[in-house]
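Student: coordinates only, sequence not included:
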């Protein structure tokens, strides 16, 4: 648990700081999940089942991000919650036909079964929506996100991650979840655009109390017109 939310046991490994990391140095046993900290589409993700796989998996993840998450492997059903404008739209279950819902399964038709709405008991379905929204809010997210969870039965969930840039392809989950509650793709895009805003703080620089000596201009007396000069008025 972190911040009151269920998350996997994990450790962060930074590229260059870990010299020949060994599995024995990690606080949990095999299998492990290794993934880049800030990558999407499951790129660089490996499920490590043998000690000899650890270093190659880390090197692969470090190729995408200097910061890598090493997590305890958790077996469960893959549940995804769609969030839009601070509301949980719904939850979908993904049943991959490969080892896990990886890049290939996400972008190849037929490699994953989509079950919408996720076939969970009512209380557990509602808890998934609640956990997804809590994670979204805890991270200060706005607009559209997708929260990935693992369901272990009887109300048991683990939050894997919050996707702040969820996919918007024909096979992507947020558009499918939105469609399930009556929001078509065009409407979803419009809602995202209407809710977008630039968080650029206004800058109001204060004028200096006095100019530096090097920038001051010496004001010279202004000469009067020639007719004044002719009348004998001089400065």
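Tutor: Received, thanks. For clarity, every value in this text was computed on a predicted model and none was experimentally measured.
Student: Buried residues of stretch 46-64, list them for me.
Tutor: 46, 47, 48, 53, 54, 57, 58, 60, 61, 62, 64 (16 or more other Cβ atoms under 10 Å). C-betas here are computed from N, CA, C, even on glycine.
Student: Also stretch 112-119?
Tutor: Buried, per 16+ other Cβ under 10 Å, within stretch 112-119: 112, 116, 118.
Student: from the chain's centre, how far out does that stretch sit?
Tutor: 23 Å (Cα atoms, centre = their mean, to the nearest Å).
Student: Please apply the same query to stretch 35-54.
Tutor: 18 Å.
Student: that older thread, just put the buried residues of stretch 46-64 in JSON lines and tack on secondary structure.
Tutor: As requested, the buried residues of stretch 46-64 are exported to JSON lines (DSSP: H, G, I helix; E, B strand; the rest coil):
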{"residue": "46", "secondary structure": "strand"}
{"residue": "47", "secondary structure": "strand"}
{"residue": "48", "secondary structure": "strand"}
{"residue": "53", "secondary structure": "helix"}
{"residue": "54", "secondary structure": "helix"}
{"residue": "57", "secondary structure": "helix"}
{"residue": "58", "secondary structure": "helix"}
{"residue": "60", "secondary structure": "helix"}
{"residue": "61", "secondary structure": "helix"}
{"residue": "62", "secondary structure": "helix"}
{"residue": "64", "secondary structure": "coil"}
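Student: what pLDDT, on average, does stretch 4-23 get?
Tutor: For stretch 4-23, the mean pLDDT works out to 80.
Student: what about this structure, any weak spots by pLDDT?
Tutor: 18-21, 23-24, 199-235 (pLDDT under 70).
Student: So it: which segments form each domain?
Tutor: 10-72, 77-195 (automatic domain parsing).
Student: Let me have those in a markdown table, adding distance to residue 3 as columns.
Tutor: A markdown table is the format used below for these (distance: least, Cβ to Cβ, whole Å):
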| stretch | distance to residue 3 |
| --- | --- |
| domain 10-72 | 14 |
| domain 77-195 | 6 |
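Student: which residue sits closest to the most centrally placed residue in the chain, ignoring its sequence neighbours?
Tutor: Taking Cα atoms, centre = their mean, the centroid of the chain lies closest to residue 164, which sits 3.5 Å from it. Sequence neighbours aside, residue 145 is the residue nearest to residue 164 in space, at 5.5 Å (criterion: Cβ to Cβ, 6 or more residues apart in numbering).
Student: Neighbouring strands - and their directions - for whatever helix or strand that neighbour lives in?
Tutor: Taking DSSP states H and E as the criterion, residue 145 maps to strand 144-153. Its sheet considered, strand 144-153 pairs with strand 77-84 (antiparallel), strand 156-163 (antiparallel) by DSSP bridges.
Student: most packed of those strands?
Tutor: Comparing the strands paired with strand 144-153 by mean neighbour count (mean count of other Cβ atoms under 10 Å), strand 77-84 ranks first with a mean of 24.
Student: can you list contacts of that one?
Tutor: Residues outside strand 77-84 that contact it (Cβ atoms under 8 Å, 6 or more residues apart in numbering) are 88-96, 100-101, 118, 120, 128-129, 131-133, 136, 141, 143-152, 157, 166, 173-174, 177-178, 183, 188, 191-192.
Student: now, which of those residues lie within helices?
Tutor: Under the assignment DSSP state H, the contacts of strand 77-84 contribute 128-129, 131-133, 136, 173-174, 177-178, 188, 191-192 to helices.
Student: Understood, closing this out.
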